[in-house]
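> My questions concern the predicted model and sequence given below.
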Protein chains: 2
Amino acid sequence: MELKVYLEKKRAIVEEALDRFFPRPEGPASDVIEAMRYSLFAGGKRLRPILCIAGTASVGGDERDVLPVACALELIHSYSLIHDDLPAMDDDDMRRGKPTCHKAFGEAVAILAGDGLLTEAFHLMGRKDLSRPVSSPALLKVIPMIASASGYQGMVGGQVVDIQSEGKEVEASVVEFIHTHKTGALITASVVSGALIGGGSAGQIESIQSYGQKIGLAFQIADDILDIEGDIRTLGKGVGNDERKGKITYPSVLGLDKSKEIQRAMIKGAVESLGSFDHRADPLRDIAHYIIERKK
Amino acid sequence: MELKVYLEKKRAIVEEALDRFFPRPEGPASDVIEAMRYSLFAGGKRLRPILCIAGTASVGGDERDVLPVACALELIHSYSLIHDDLPAMDDDDMRRGKPTCHKAFGEAVAILAGDGLLTEAFHLMGRKDLSRPVSSPALLKVIPMIASASGYQGMVGGQVVDIQSEGKEVEASVVEFIHTHKTGALITASVVSGALIGGGSAGQIESIQSYGQKIGLAFQIADDILDIEGDIRTLGKGVGNDERKGKITYPSVLGLDKSKEIQRAMIKGAVESLGSFDHRADPLRDIAHYIIERKK
């Protein structure tokens, strides 16, 4: 399968760049750097950086230009997992088959490791020493856009509604709010930031944004479904967690069949958004399908 | 006293801008926005934004240009207080005479409010709709610099060493590391970012940086001393907290007299750093003296 090779290749590029860009644990604050590295290199799919790379390629950009931003997106994703896992939040002990950050380093260091990853993302995006020069206007669009997608208008907003809805009866609009904000916003920002740095036209950016919003929602619905139908060995975490915690999910609100139907419609719509793009958008098209076929 | 009028005038400008830039609590995520506002508008001195404004004025810049960055610095400061107060960190119940954020909103919302403030800072700095256009190269220097000062190389690094040193015997180099990182780095970044946006020359930036480092250290030593000699009614928080918690402070490591001596040397050095600046740097000179004379 060609996409598998693509994902593996891009993942290797992202891993190498993350390791190169990220500090070693040294100096008096080495513990927090170690905790940051522990979570950052815990073996994620690197979906957000790969979407950023595929987004820039789709408009004819050079992937080397987006590597700092692509890696910054992974830092933000990694911070969000550390804070989500905290005892006061989802209270999870395991993540990707390993103890969560606060289990391994204690709660104080875990909170700070999350803070450090989030902050370092904005340092990394602006570092002058890393890549060939990215256009300043593009970068100055990308930075506030990613911040907005991560904050109260995006991920933080989705997470607060998520934890506040636990165990409650909610309407479909609430689960849609949670999913589009908690996961969808950063996924959309990932692919759009790639296209912006790649020099995409306003029309292209609009299409890419529509693509991102649709796969973002489909991705989170797929996560919900994996929590019901997934294999604990493949996932590296327990299944049935959402139900036990009374989490608001698409299947819990709309049922499994309806959720899968929405998911399919999202993927179809996402691919249609790319109608005017040539073969350079093929990775984005393939990733859309992969999102609902993945096993972890 | 002229400085008092200056500080009051600039504080009013910052309050007005913060309120104008910051979202109202509405929509499904209104709780986290309310928590963010609760801590942000709890009546701080707004020292960092004022330093940013005074920094830009010292090199002939216009303070209206720096307001978004100045306010972003206060958002970052406010986030750091929320996370520092958490039960897993300093476990404080009161801040500025009011219950701390997690006491008022619960731990989960407080963690997210901190995350939201930190993230919104980087959104705010890049917002195109707020101020007259700031030079892109200056802004692209300022954003990663502020991120670096806030992260593992700055505030987060200082905080982790601070909590890990509690109750231990440490050398003077450790308390210097804590203070220069936990407080000094963001104070330095505040005044330097103002000077950068104001169009300061390389030599001026260097002088301003030296000024910032010195007042940053003096400021934290002053905080340590206030915790011993301060008045609980003026401070809005308990005194003697540091000693009770076994906090590493300048007085605890070097004694009160030596601490005051270092503080005075820092202020003298800070003012000397501004030797080549004209009267437009007078607010910075006055603020240096105010830092060790303040009562809260």
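All right, it came through fine.

> in chain A, which helix or strand is least confident?
For chain A, scoring each helix and strand by mean pLDDT, DSSP states H and E identifies helix A:232-235 as the least confident one, at a mean of 66.

> which helix is the longest one in chain A?
Ordering each helix of chain A by length in residues (DSSP state H) puts helix A:202-229 first.

> tell me which element the closest residue to A:S148 other than its chain neighbours falls in.
If you skip the residues right next to it in sequence, A:S148 has B:H123 as its closest partner in space, 4.8 Å away by C-beta to C-beta, 6 or more residues apart in numbering or on different chains. From N, CA and C alone the C-beta is placed, and that goes for glycine too. With elements taken from DSSP states H and E, the one containing B:H123 is helix B:107-126.

> which strands and helices sit next to that helix?
In terms of contacts (3 or more C-beta pairs under 8 Å, 6 or more residues apart in numbering or on different chains; DSSP states H and E), helix B:107-126 is packed against helix A:63-85, helix A:107-126, helix A:136-150, helix A:155-165, helix B:30-40, helix B:63-85, helix B:101-105, helix B:136-150.

> Mind doing that once more with 6 Å?
Using 3 or more C-beta pairs under 6 Å, 6 or more residues apart in numbering or on different chains; DSSP states H and E as the contact criterion, the neighbours of helix B:107-126 among helices and strands are helix A:136-150, helix A:155-165, helix B:30-40, helix B:63-85, helix B:101-105.

> what sits up against the last one?
Around helix B:101-105, the neighbours that count as contacts under C-beta atoms under 6 Å, 6 or more residues apart in numbering or on different chains are B:35, B:39, B:82, B:86, B:93, B:110, B:113.

> Make a ChimeraX selection of the buried ones in these.
What follows is the ChimeraX syntax selecting those of the contacts of helix B:101-105 that are buried according to 16 or more other C-beta atoms under 10 Å in any protein chain shown:
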select /B:35,39,82,86,110,113
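
> just curious, which of the contacts of helix B:101-105 is nearest to A:R280?
Distance from A:R280 was checked for each of the contacts of helix B:101-105 by C-beta to C-beta. The minimum falls on B:A113, at 41.6 Å.

> Grab the nearest non-local neighbour of that closest one.
Nearest non-adjacent residue to B:A113, counting by C-beta to C-beta, 6+ apart: B:A35, 3.8 Å away.

> just checking, the one you found touches B:G114?
No: B:A35 sits out of contact with B:G114 when judged by C-beta atoms under 6 Å, with a separation of 9.0 Å.

> which one of the contacts of helix B:101-105 is nearest chain A?
Comparing these against chain A with C-beta to the nearest C-beta picks out B:L86 as the nearest, at 6.6 Å.

> mind listing what the closest one touches?
B:H102.

> do you know how far it is from B:A270?
For B:L86, the distance to B:A270 equals 32 Å [C-beta to C-beta, to the nearest Å].

> Per-residue pLDDT of the residue sitting nearest the centre point of chain A, please?
With the centre of chain A defined as its mean C-alpha position, the nearest residue by C-alpha atoms, centre = their mean is A:R48, 4.6 Å away. Model confidence at A:R48, expressed as pLDDT, equals 98.

> tell me the SS of it?
Judged by DSSP: H, G, I helix; E, B strand; the rest coil, the three-state class of A:R48 is helix.

> and whichever helix or strand comes after the least confident helix or strand of chain A, anywhere near chain B?
Using DSSP H and E, the next helix or strand after helix A:232-235 towards the C-terminus is helix A:241-245. No: if you take C-beta under 6 Å from any C-beta of the partner chain as the test, helix A:241-245 misses chain B, and the best it gets is 13.1 Å.

> So what touches helix A:241-245?
With contacts defined as C-beta under 6 Å, 6+ apart, helix A:241-245 is touched by A:227, A:249.

> For that helix, buried residues please.
Judged by neighbour count (16+ other C-beta under 10 Å), helix A:241-245 contains these buried residues: A:D242.

> Could you point out the helix or strand that follows it?
Elements were assigned by DSSP H and E; along the chain past helix A:241-245, the next helix or strand is helix A:250-254.

> Flag every residue of the stretch 1-150 of chain A that's near chain B.
For the stretch 1-150 of chain A, the residues found near chain B under the criterion C-beta under 6 Å from any C-beta are A:28-29, A:32-33, A:88-89, A:107-108, A:111-112, A:115-116, A:119-120, A:122-123, A:126-127, A:136, A:140, A:143-144, A:147-148, A:150.

> which of those count as buried?
Applying a neighbour-count criterion of 16+ other C-beta under 10 Å, the buried members of these are A:28-29, A:32-33, A:88-89, A:107-108, A:111-112, A:115-116, A:119-120, A:122-123, A:126, A:140, A:143-144, A:147-148, A:150.

> Tell me how many other residues crowd the nearest residue to A:L124 once chain neighbours are set aside.
Sequence neighbours aside, A:A72 is the residue nearest to A:L124 in space, at 4.6 Å (criterion: C-beta to C-beta, 6+ apart). The local packing count at A:A72 equals 32, with neighbours defined by other C-beta atoms under 10 Å in any protein chain shown.

> Kindly report the same for A:C52.
Residues contacting A:C52 under the criterion other C-beta under 10 Å number 34.

> angle of the strand or helix carrying it against helix A:136-150?
Using DSSP H and E, A:C52 sits in helix A:47-58. Computed by axes from the mean of the first three to the mean of the last three C-alpha atoms, to 10 degrees, the angle separating helix A:47-58 from helix A:136-150 equals 150 degrees.

> by contact count, what packs against helix A:47-58?
Counting contacts by 3+ C-beta pairs under 6 Å, 6+ apart, helix A:47-58 packs against helix A:2-21, helix A:63-85, helix A:185-197, helix A:282-293.

> For B:E229, find the nearest of those helices.
Smallest distance to B:E229 across those (C-beta to C-beta): 37.3 Å, for helix A:63-85.

> pLDDT at A:K182, what is it?
Among the per-residue scores, A:K182 holds a pLDDT of 96.

> how near is it to chain B?
Separation of A:K182 from chain B (C-beta to the nearest C-beta, to the nearest Å): 10 Å.

> show me what contacts the residue nearest to B:A113?
Counted by C-beta under 6 Å, 6+ apart, B:A35 has contacts B:101, B:105, B:109, B:113.
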